[in-house]
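Visitor: Here is a sequence together with a model predicted from it:
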Amino acid sequence: MADDTPNPSAPPARRKYVRAVGPRLRILLYGIFGLVALLGANSAYLLSITVLESATGYLYQNYFYQMMFLGHLVLGLILLVPFIIFGIAHLKNSYNRPNKRAVRVGYALFTVSLVLLFSGLALMRVEGFEIKNPNLRSVSYWAHVITPLFAVWLYVLHRLAGPKIKWKVGL
């Protein structure tokens, strides 16, 4: 008969480390990274046209601009559901981690990202659903323009608080 009592001289058993982003969640994350990269490039173009129009007083919103704007809407809508699924699953996997700094920054990142996504939805003009109040549209616009900067900053902080960043992969 085996003795099931723990050996006091044996070192305590370590819990197996479980990654906060497992293999299946990582696939979703890479898809989200791809969409965010496309949206970032698209946003840079839209911003450059806005700045150019503001600086020159001329209108540059041609057919190509309109297609890029439509692409921005479509990519944003495609990103919405996978991002929320990833965020909730990642929070569920990591809310009780010992690295409290990474967890807190992760919460802030998810919140800022939700503001970004939902401010984009608020700016859409769909029959029966559109915000007509110019003050509310202005707040939504500036929230949508400024929050990506906070999201990038918080993402870097979140990653710096966690495992080492593989910068070459990102580039």
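Guide: Ah, there it is. Computed from a prediction, not measured in an experiment: that's the story for all the values here.
Visitor: Need the single longest helix in the chain, by residues.
Guide: In the chain, with assignment by DSSP state H, the single longest helix is helix 23-56.
Visitor: Quick check: chain neighbours aside, which residue is closest to the residue most central in space within the chain?
Guide: Nearest to the mean C-alpha position of the chain, counting by Cα atoms, centre = their mean, stands S113 at 4.9 Å. In space, and not counting its chain neighbours, S113 is closest to A151: 5.4 Å by Cβ to Cβ, 6 or more residues apart in numbering. (Each C-beta comes from the backbone N, C-alpha and C, glycine too.)
Visitor: in what helix or strand does that neighbour lie?
Guide: If you go by DSSP states H and E, A151 is part of helix 134-161.
Visitor: which element follows that helix toward the C-terminus?
Guide: helix 167-170.
Visitor: Give me the mean pLDDT for that next one.
Guide: Average pLDDT, helix 167-170: 72.
Visitor: How far off centre is that helix?
Guide: Distance of helix 167-170 from its chain centroid, counting by Cα atoms, centre = their mean, to the nearest Å, is 17 Å.
Visitor: Poorly predicted segments of the chain, please.
Guide: 1-13, 15-18, 170-171 (pLDDT under 70).
Visitor: and the helix or strand following the longest helix of the chain, what does it pack onto?
Guide: Counting by DSSP H and E, the next helix or strand C-terminal to helix 23-56 is helix 63-94. Other elements packing on helix 63-94 under the criterion 3 or more Cβ pairs under 8 Å, 6 or more residues apart in numbering; DSSP states H and E are helix 23-56, helix 100-123.
Visitor: Give the buried residues for helix 63-94.
Guide: Buried residues in helix 63-94, counted by 16 or more other Cβ atoms under 10 Å: 65, 68, 72, 75-76, 79-80, 83, 86-87, 89-90, 94.
Visitor: Good, wrapping up.
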